[in-house]
Structure formats: C-alpha cells, structure tokens
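Novice: The sequence and its predicted three-dimensional model are supplied below.
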Amino acid sequence: MEIHIGKRVADVSLVSKEGNKVQLTIDGVPYEVDIMMAENGACSILHNGNSYNAELIRGEGGKSYTVNTHFLSYAVDIVDTQMKYLRMRKSSEERQDNKIVSPMPGKVVKVLVEKGDRLEAGDIVVVIEAMKMQSNYKVSSACTVREVLVKEGDSVASNQVLLSLDVITDKEE
C-alpha cells in the first residue's frame, strides 16, 4: 500500500504478522518490529533494540491519521490500491499524457488500438481486469498511438506503461 507521511510517499508491504512481531518492507527495505497497541491510541514500537512511542489519532474515514511523537507531529494518509486507482483514473481524465499506465497489477483483456492509429478524446484503448473488475482506459485528447507495449492476456504490474502516444496539439490539426 502507499502511505503519505507529510510530503513523503512510501510503499509499505506487510510480509508477516505473528502476535506483536511484524515483518514489513518500506520502499523495498525489510524491517522487523515489535508493535504494542494500547486502547487509547498509544503505541510502543521496538526496533533493533530501540523503543519508540507514538500516539495515533484517527481522522475521518479511517484512512488518515495524525501521529504524534515526543517532539514531532506527522500527517499520515493510507492510500489503498482502490483509492490509488481512482486517483490515477481521475488525473488521467483531466489531461492526456504521452502514455497510458496501469495504476495497479492486472491482466490485459483487450487491446483496441494498433501502432499509428489516430484517436480522439474518449476513445477506449485497452481493457484491464484487476480485482475481478474490468476497467476501460481511454484517451482524454486527440493523439496517435506511437507504440503498443502489451498484448491481450499479458499480466501487467502497477505503474507499467501500456501504450505510448503522441499527443496532438491544436497547432498540429
């Protein structure tokens, strides 16, 4: 999952949890910690023989927190896969980039374009299935397909480029 800590973005994955012992990765770096949560939102973390205490104050919706330590306070937002997907879909509809990117891992169900095709705003270019849901990926402005980088049946990773495009500006038309 993606976690925003102030202006920093971290990719956090839970590897295992057994009682209070937690193994996780942060931006690919493995950590083993012992976490003890109290009812009042206080938490004690042991890592490499060091003890850290923090207070967690849950925000609205349960995906944002204020984390207070002895000296600092942090705004923390948890961006789950679905929220990341929706945010990327919204931003891609606002302004066409020179590529179409998969916001999450999935499977290419259909590729509707070929190299050299001229597209208009709203044209569907690829259909991806992720989390048992199919999503149509569209272009938001006129463009030409420079390169198709996937084919039907391919598995795709998060942030993988599916197509590269040449966006057509008003001057070119």
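Specialist: Perfect, I can see it now. Numbering: from 1, shown residues only.

Novice: For Lys115, list the residues it contacts.
Specialist: 145-148 (Cβ atoms under 8 Å, 6 or more residues apart in numbering). All C-beta atoms are positioned from the backbone trio N, CA, C, and that covers glycine.

Novice: Can you classify it by secondary structure?
Specialist: Using DSSP: H, G, I helix; E, B strand; the rest coil, the structure places Lys115 in coil.

Novice: what's the distance between it and Thr144?
Specialist: Remark: distance between Lys115 and Thr144 (Cβ to Cβ, to the nearest Å) = 9 Å.

Novice: In the protein, where is pLDDT below threshold?
Specialist: 61-62, 80-96, 170-173 (pLDDT under 70).

Novice: Output the longest strand belonging to it.
Specialist: strand 8-18 (DSSP state E).

Novice: That one: what's the following helix or strand?
Specialist: strand 21-26 (DSSP states H and E).

Novice: what's next to that following strand, contact-wise?
Specialist: So strand 21-26 is contacted by 10-17, 30-35 (Cβ under 8 Å, 6+ apart).

Novice: what's next to the one helix or strand Lys107 maps to, contact-wise?
Specialist: Per DSSP H and E: Lys107 is located in strand 106-111. Outside strand 106-111, the residues that touch it by Cβ under 8 Å, 6+ apart are 125-131, 134, 148, 150-156, 162.

Novice: Give me the sheet partners of that strand and which way each runs.
Specialist: When pairs are called by DSSP bridges, strand 106-111 turns out to pair with strand 124-130 (antiparallel), strand 155-156 (antiparallel).

Novice: Now do stretch 25-43: distance to the chain's middle.
Specialist: Distance of stretch 25-43 from the chain centroid (Cα atoms, centre = their mean, to the nearest Å) equals 21 Å.

Novice: end-to-end on that stretch?
Specialist: 19 Å (Cα to Cα, to the nearest Å).

Novice: buried stuff in that stretch?
Specialist: Ile35 (16 or more other Cβ atoms under 10 Å).

Novice: Give me the domain ranges for this protein.
Specialist: Following automatic domain parsing, one gets these domains for the chain: 2-79, 85-172.

Novice: out of those domains, deepest packed?
Specialist: Among the domains of the chain, domain 85-172 has the highest mean neighbour count (mean count of other Cβ atoms under 10 Å), at a mean of 15.

Novice: still on that earlier bit, the longest strand of the chain vs strand 21-26, what angle?
Specialist: 150 degrees (axes from the mean of the first three to the mean of the last three Cα atoms, to 10 degrees).
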